[in-house]
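In: What follows is a predicted protein model with its sequence.
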Amino acid sequence: MGQGELTIGEVASRTGVATSGLRYWEEIGLLPPPARVSGQRRYPSSVIERVGEILLLQDVGFTLRELKELIAARERAAEGWRELHRRKLAELDRRLARIEAARTAIAHVLACPHEDIRTCPSFARVVETRLAEGVLKEAPSPTEGAGPGSGSGPTR
């Protein structure tokens, strides 16, 4: 075996990615085709960094399809990779907004004095909005709609 060449088992061991995953990534173009010695894959040591990059980008939400597009853009030295990152950032911002709305809704359910959440006017408004707009966009604060004097302003 040449200097710095790794078998697929060695790459798997060093990265934690199953050999079947590495073969699949190679098949779809995320990893460059390795050299072969007696029919066995021999990867350059630089493949470890590529696998690490793929794992990191998966962790931040890139799909395999997006990763393939991103890697292709970088190999062409095109600026397209920046646009891919901008789109992913916008997608993550939308996810964060939905997560925050969901968290607020759950906190409201837990803090709401209504024994049956279905009788809470604030929760009913969130349900109506969800049905009308097709996505959870806002939720009542934990004290909103919890009854008279519960944070919805002064009562007189």
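Out: Right, received. Where do you want to start? None of the values given here were measured: they were computed from a predicted structure. Numbering: from 1, shown residues only.
In: Can you tell me the SS state at Ile99?
Out: Here Ile99 is recorded as helix under DSSP: H, G, I helix; E, B strand; the rest coil.
In: err, Arg36, not the other one
Out: Recorded secondary structure, Arg36: strand (three-state DSSP).
In: Now it: closest residue in space, sequence neighbours ignored.
Out: Arg42 (6.7 Å; C-beta to C-beta, 6 or more residues apart in numbering). No exception for glycine: its C-beta is placed from N, CA and C like everyone else's.
In: Make sure that neighbour is indeed in a strand.
Out: Yes - Arg42 sits within a strand when classified using three-state DSSP.
In: what about it, how many residues close to it?
Out: Other residues near Arg42 come to 17 when the count uses other C-beta atoms under 10 Å.
In: and Val17, what does it touch?
Out: Residues near Val17 by C-beta atoms under 8 Å, 6 or more residues apart in numbering: Val11, Trp25, Val51, Leu55.
In: Would you agree the third one is in contact with Ser13?
Out: No - proximity of Val51 to Ser13 does not meet the contact threshold set by C-beta atoms under 8 Å, at 11.5 Å.
In: Show me which of those two is the more surrounded one.
Out: Counted by other C-beta under 10 Å, Val51 and Ser13 do not tie: Val51 has more neighbours, with 22 against 12.
In: Show me the residue at the heart of this structure, geometrically.
Out: Gly61 (2.9 Å; C-alpha atoms, centre = their mean).
In: In three-state terms, label that residue for me.
Out: Secondary structure state of Gly61, per three-state DSSP, is coil.
In: thinking it is in contact with Ala90, fair?
Out: No - using C-beta under 8 Å, Gly61 is not in contact with Ala90; the gap is 11.4 Å.
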